[in-house]
Structures are given as structure tokens and as C-alpha cells.
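Participant: Curious how this folds, go ahead:
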Amino acid sequence: MTPADAAARNPPPLNPAAMNVPPTRTTVYPPPWRENNGALSWKAVGNALGLTRFGVNIVTLEPGARSSQRHWHKAQDEFVYVIGGELTLVSEAGETPVRAGHCLGFQAGVPDGHCLINTGTAPATYLVVGDRTRPEHVTYPDIDLELDGNPATGPRWLHKNGAPYADEYQPKWGPPKR
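Facilitator: Now for the predicted structure:
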């Protein structure tokens, strides 16, 4: 294989620090769950590298920001490695401080709703890796929200009773390309 052949097969190395991703103040959740999560930036480095079987993201939470609503995945594992800063893991077990160098794992199908909150005074950054097993279902135990990941049509936000949220609030991402 020539270097040109190799370059055509895999993308070149990526410097995540050079990815221009502005912080956002909202999340992808439908209202009212999208407000008051604080500032965060989400760098989808796995997507940028063309990965399709698992997602790799670098997330930075500003002080007071939270990663998500507390949730758990029916089909997908999650792995988190804290790169810098101070976070608090909020789970069924309560609150646990985590710092740079700590890693967390959340097994698929274990109903342990979790999220991270930046409780420090500086930005906190972590790497999150999750597989893209389909179909997926995400439960948010504290709020009236479920995410149903239909492999044919993509994800849909649902109320706990199964009724969908309004179309304008549905996720804009679809099933991953394979």
C-alpha cells in the first residue's frame, strides 16, 4: 500500500484544540429540559475522523454547567475519562467528586441515571466514548423524557407515556452512516 492509498483510506491526524466549536448554552433536549444547563462545548472528534461504530467526544463544561439531564442507556455502554478540572458525578448512589485522571464506566441496561456537573471554579474537560448499538433507548429518570432510537428513522423524544414531543423539538441527527 502506498502512502497515497493509506491517506485515502483513513483521515489524517486531528488536533481537537484546532476544532472551532463555540460553547452552547442549550442542549438538544426539548423544552423545558434544554434550559439552565450552563455553557458547554462538544467536539465530536469520532465523527470528524469518520468513525461509525462508536462515538468519541471531547466535552468542556464551564463552572456550574451540567453534561446532560440524568440518564441511562438501554443498549449502549458509556466511558468517560476526565482530562482536567473538577466534576461531580450525580447518580443513583448520590454525588461523587471526580477529577483529572479519573475514569467512569456506565454499562448498558443498568438503570443508574447519571450526569456530570462542573462544581469547580474553572472549565472541566473530559473524553466520552459510547458505542452506537441500535436500537437504543435512553431513560431520564428525573423528568418526563425518553429517547427512542429507531434504527430506520433516527431518534425521537417521547414523554413517559409514549406520546412524542412536537416535531420542531425532535432531534435533528439521524442514524449513523455505516
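
Participant: Show me where this structure has its strands.
Facilitator: 40-43, 54-61, 72-73, 78-84, 86-91, 94-99, 103-106, 115-118, 124-131, 136-140, 145-150, 154-158 (DSSP state E).

Participant: So which elements touch the first one?
Facilitator: Where contact means 3 or more CB pairs under 8 Å, 6 or more residues apart in numbering; DSSP states H and E, strand 40-43 is packed against strand 54-61. Heads up, the C-betas are built off the backbone N, CA and C, glycines and all.

Participant: so for the strand it packs on, what's the average pLDDT?
Facilitator: When pLDDT is averaged along strand 54-61, the result is 94.

Participant: and what of stretch 159-166?
Facilitator: Per-residue scores along stretch 159-166 average to 95.

Participant: As CSV, the strands of the chain with distance to Pro32 would be great.
Facilitator: Formatted as CSV, the strands of the chain follow (distance: least, CB to CB, whole Å):
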stretch, distance to Pro32
strand 40-43, 18
strand 54-61, 20
strand 72-73, 21
strand 78-84, 25
strand 86-91, 19
strand 94-99, 23
strand 103-106, 25
strand 115-118, 17
strand 124-131, 25
strand 136-140, 13
strand 145-150, 10
strand 154-158, 12
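
Participant: for the ones you listed, which one sits closest to Arg9?
Facilitator: strand 54-61 (18.6 Å; CB to CB).
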